[in-house]
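> next one to model:
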Amino acid sequence: LVESSDPMSHGCVYCIEKNIEKHVNVIGRKKKCNRCRFSFAVVGDAKDIDWFNPQGEKIVPDNPNIFVVRNDEVTSTLTIYHATMDNAGIYKCMAKAPGQEAEATVQVKIFQKITFKNAPSPQEFNEGDDADLVCDVASSPPAEIVWKYKFNVIKSAKDVRYRVLDNGHLLIRSIRKADEGMYSCEARVIARGELDFRPIKVVINVLPTIRPRQSEVNATAEEGSTALLACDADGFPEPTVTWAHNNVLLVSGDKYSVNEDGSELLVRDVKKVDEGEYTCIARNKAGETSQEVSLKVFVPPKITFLNNQSASEFDEQVTLTCEASGDPTPSILWSFDQRVFTEGEQASWTRPDNLDRNIVVRSHARVSSLTLKNVQFTYAGQYLCTASNSIGEDSQSMSLEVRYAPKILGQVTVFTWEGNPANISCEVEAHPSADMLWFRDGFQLPNANSSNIKIYSTPSVSYLEINPESQNDFGSYNCTATNSMGSEYKEFLLIQAEVPSSPEIQQVESFSSTAVVEFDEPDSSGGVNILKYRVQWRLPGSPWNAREYDITITGLKPETSYEVRMSAINGKGEGESSAPMSFKTEPVREPAAPKLEVKVHNKGNALKVNWFKQDDGGSPIKHYLVRYKHTSDWKPEIRLPHGSEYVVLSGLEYNTEYEVHVVAENQQGKSLPGVLSFRTASEPTTVPGNHSDLQPLRPLRSPTHNPPTCTAKRLHSAGERGEASTGPQNCKNTVNRTHSNSKCFTE
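Numbers count the residues shown, from 1 in each chain. Here you go, the predicted model:
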């Protein structure tokens, strides 16, 4: 209350709270109990007393925070409720009376308590940035700002990276992850001993870094193939990882699959179009980082073009083309049957040292051509194109069809005899297929005059069957083949076969009860195969004994003279006999050495040794003596009765070399031993099956040579003399033609 005021009264008035005992400056707060009251008294009567705020506006009664009361005729009171800093300023009181006006002012100062206007927590910064830690404080008088980190006052003098700005903010240059933690912004008003602070958490976000597991990933474009691209990202906060290809963000679906943290991208059903750069993108609050991962797609070769071709014989050329795709670019090879064609001109089929300029291979990029010049009918067939690269290979075949006139094959001369049907074969190669006709003397067969002739045909062969009835049926027959490319004919000869000429006995090697006859085959087989030989023998001056089917001569007496002769028999009949050859059998003596063969027994460590019937020396075999060894010590001798044909050796050691001797003994003594060396099998790791059959075992060394009881050798082949002749195939019934001369034992 200002008493005795006059129009000149002005000055500074302090608001005094009622509940205090002394005058204090009002410190503005947002509390309902804050209140300022001041009154003015007017000398004399005043009609109106008005109050004006610092902005010069008249204070009206309806203002809820500033209240004006007219106490009486001469006094008025202004009360400010909930005083704030905005209420500070100069207030004016104006009194009016008729013909008079007076005013007075009062200055209101409100002191503000420390107030943190803006001190957020946490405050986040990116590593490496200059960080401005915000702490906005309001107070009057202005407060002193002090920053602390880990309870220590931050001093710029100790670390030039730190500086407290004029606005109280803390500047940290190039902030690091190590700077993260709790900071304290402390405000002090020393004049009145006021202090307050705010804890501020500082979080440092770290820009992501990316580490690709592989900078380049290789994949193969095959059905169902996949490729895995992976990158690991670090940063704070933990970054999220995404993938992009050709600037398109990839999401999980049928083609792509991304794992939970995004670090792995799976590409399904890889194709060549999937090749390229894939971008691994890592994002967090600090920003975004990307890294390229290259996907290289290799493609196995695939034949993309290969068509069948056709040509005619003697065309200038035909070109086969093969195209293939693949990455790396495949190389292309051509092959035909067992022959492989290389780039350029080929070596001649018949003369490999010379070039065959009729066949040329040319390749460029993914295309290869095979050119066949001067087309031959032999060029027809399946050609294989093979494309290969480091990933794999692909092959396809194509068919070259060559049209050509008929070509007649087959044996020109055929031998037979009256009453013996014969086939003349007219084998035709042609494309397209040819029609085949038979002619004789200009007339097509068969006809009314050829009832003994029949024709059987297949697409490629025509058979003319002739049953000769007389000499007239022998002679020339014509086969003519015709197709759209031309025709060809060939003359075939049907010739009357003759009986073979006589064989020539060269030597007789005699034993006690057998004899080996060595002879030359007949000079002429008569045009047909020799079926067998007839052997005849006798005592001088006696009738001839003969055998046709078994030319082993038995029943001879020891130390006796004999004569022997031979003749050959073919389908036509028996030829002339050879000149007789004399021989004398050996006296009774010891047997010949047995011929041995070894077979594996059904027990792995047992062997069966067989021997074959040999010359008994003119005296019956009494028994056989068997002994064997695997080192220098012989096992006890085994004696077997006559008629024995084998011995089983049991309990042998595995994987061991053995030697077996078998001796035959008759009344005259012992034979030389038949010798055989062999090695037993390795010890089995499992129990062998129960096999009843014996398996032949290959001997280590050939056994001692003994003359076979019945073999045949040929001194000269009739074929070597230009005649079509084949002899019998074993000594019992026929002649063995695998040797250069012929021998036969007699008993």
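
> how about low-confidence regions in this protein?
For the chain, the stretches with pLDDT under 70 are 1-45, 347-356, 547-552, 554, 600-604, 685-747.

> can you list the domains in it?
Using automatic domain parsing, the domains assigned to the chain come out as 10-112, 115-206, 213-299, 307-404, 410-496, 595-696.

> let's have the ones you listed in CSV, adding distance to residue 580 and mean neighbour count.
The C-beta positions use only the backbone N, C-alpha and C, and glycine is treated the same way. CSV is the format used below for these (distance: least, Cβ to Cβ, whole Å; neighbours: other Cβ atoms under 10 Å):
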stretch, distance to residue 580, mean neighbour count
domain 10-112, 158, 15
domain 115-206, 120, 16
domain 213-299, 83, 16
domain 307-404, 52, 16
domain 410-496, 29, 16
domain 595-696, 23, 15
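
> rebuild these as JSON lines, extending it with distance to residue 528.
Converted to JSON lines, the domains of the chain look like this (distance: least, Cβ to Cβ, whole Å):
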{"stretch": "domain 10-112", "distance to residue 528": "140"}
{"stretch": "domain 115-206", "distance to residue 528": "104"}
{"stretch": "domain 213-299", "distance to residue 528": "64"}
{"stretch": "domain 307-404", "distance to residue 528": "33"}
{"stretch": "domain 410-496", "distance to residue 528": "5"}
{"stretch": "domain 595-696", "distance to residue 528": "34"}
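
> quick one: which of those domains is nearest residue 570?
domain 410-496 (9.4 Å; Cβ to Cβ).

> distance between the ends of the closest one?
19 Å (Cα to Cα, to the nearest Å).

> same check on stretch 610-620?
End to end - Cα to Cα - stretch 610-620 spans 19 Å.

> what's next to it, contact-wise?
Contact partners of stretch 610-620, identified using Cβ atoms under 8 Å, 6 or more residues apart in numbering, comprise 511-514, 558, 585-599, 624, 642, 645-646, 662, 664, 666-668, 671, 674, 706-707, 709, 745, 747.

> then stretch 200-209?
For stretch 200-209, the external contacting residues (Cβ under 8 Å, 6+ apart) are 119-128, 131, 133, 135, 175-177, 179-185, 233-237, 239, 282-289.

> for stretch 474-485, same thing?
With contact meaning Cβ under 8 Å, 6+ apart, stretch 474-485 is reached by 312-313, 403-406, 408, 410, 424, 426, 428, 430-440, 445, 462, 464, 466, 468, 487-496.

> mind listing which of those residues are in strands?
Taking DSSP state E as the definition of strands, the contacts of stretch 474-485 contribute 312, 403-406, 408, 424, 426, 428, 430-431, 435-440, 445, 462, 464, 466, 487-496.

> show me where the stretch 551-700 of the chain has its strands.
Applying DSSP state E, counting those that start in this stretch to the stretch 551-700 of the chain gives strands spanning 561-570, 581-584, 595-600, 607-612, 623-629, 638-641, 646-649, 657-666, 669-670, 674-679, 695-696.

> in a markdown table: those strands, plus distance to residue 325.
A markdown table is the format used below for those (distance: least, Cβ to Cβ, whole Å):
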| stretch | distance to residue 325 |
| --- | --- |
| strand 561-570 | 66 |
| strand 581-584 | 80 |
| strand 595-600 | 56 |
| strand 607-612 | 62 |
| strand 623-629 | 69 |
| strand 638-641 | 75 |
| strand 646-649 | 67 |
| strand 657-666 | 61 |
| strand 669-670 | 81 |
| strand 674-679 | 57 |
| strand 695-696 | 54 |
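
> residue 300 is nearest to which of those?
Nearest of the strands of the stretch 551-700 of the chain to residue 300, taken as Cβ to Cβ: strand 695-696 at 46.3 Å.

> who's the nearest residue to residue 342 once chain neighbours are set aside bridged to?
Distances taken as Cβ to Cβ, 6 or more residues apart in numbering place residue 361 nearest to residue 342, at 6.5 Å, with adjacent residues excluded. Counting by DSSP bridges, residue 361 is bridged to residue 344, residue 370.

> pretty sure residue 361 sits against residue 340.
No: contact between residue 361 and residue 340 fails when scored by Cβ atoms under 8 Å: they sit 10.1 Å apart.

> identify the contacts common to these two.
Jointly contacting residue 361 and residue 340 under the rule Cβ under 8 Å, 6+ apart are residue 334.

> residues in contact with residue 489?
Counting by Cβ under 8 Å, 6+ apart, residue 489 makes contact with 408, 478-481.

> so what touches the helix or strand containing residue 386?
Here residue 386, judged by DSSP states H and E, is contained in strand 381-388. Under the contact criterion Cβ under 8 Å, 6+ apart, strand 381-388 has outside partners 301-303, 306, 320, 322, 324, 326, 330-337, 368, 370, 393-400.

> what strands line up against that strand, and which way round?
Strand 381-388 has the following sheet partners, assigned by DSSP bridges: strand 331-336 (antiparallel), strand 393-409 (antiparallel).

> output those as JSON lines; include the columns distance to residue 544.
Converted to JSON lines, these look like this (distance: least, Cβ to Cβ, whole Å):
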{"stretch": "strand 331-336", "distance to residue 544": "62"}
{"stretch": "strand 393-409", "distance to residue 544": "47"}
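
> closest to residue 58 out of these?
strand 393-409 (102.4 Å).

> could you give the angle of that closest one to strand 486-496?
Computed by axes from the mean of the first three to the mean of the last three Cα atoms, to 10 degrees, the angle separating strand 393-409 from strand 486-496 equals 60 degrees.

> just how off-centre is the helix or strand following strand 393-409 within its chain?
The helix or strand immediately downstream of strand 393-409 is strand 413-416, counting by DSSP H and E. Distance of strand 413-416 from its chain centroid, counting by Cα atoms, centre = their mean, to the nearest Å, is 59 Å.

> output strand 413-416 as CSV, nothing but the C-alphas.
Provided in CSV are the C-alpha atoms of strand 413-416 (Å, rounded to 0.1, in the frame of the first residue of the first chain):
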residue,chain,number,x,y,z
THR,A,413,30.5,-117.9,-107.5
VAL,A,414,28.4,-120.6,-105.8
PHE,A,415,29.3,-124.3,-105.9
THR,A,416,26.8,-127.1,-105.7
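
> which elements pack onto it?
strand 422-431, strand 486-496 (3 or more Cβ pairs under 8 Å, 6 or more residues apart in numbering; DSSP states H and E).

> now do the same contact list for residue 240.
Counting by Cβ under 8 Å, 6+ apart, residue 240 has contacts 262, 282-284.

> which one of those is nearest to residue 346?
The shortest gap between residue 346 and any of the contacts of residue 240 belongs to residue 262, at 58.2 Å (Cβ to Cβ).

> tell me who's in contact with that closest one.
With contact taken as Cβ under 8 Å, 6+ apart, residue 262 is in contact with 240-243.

> strands - which of the residues you listed land there?
Using DSSP E, those in strands are 240-243.

> between which two of these is the distance greatest?
240 and 243 (11.4 Å).

> quick check: neighbours of the one helix or strand residue 77 maps to in the sheet, parallel or antiparallel?
Residue 77 is part of strand 75-81, with elements assigned from DSSP H and E. Applying DSSP bridges to the sheet, strand 75-81 is found paired with strand 35-41 (antiparallel), strand 66-70 (antiparallel).

> how far is the shortest one from where the chain is centred?
Going back to what we said before, that points to strand 66-70. 101 Å.

> offset the numbering so it begins at 468, please.
Noted, 468 is the first residue going forward, which turns the last one into strand 533-537.
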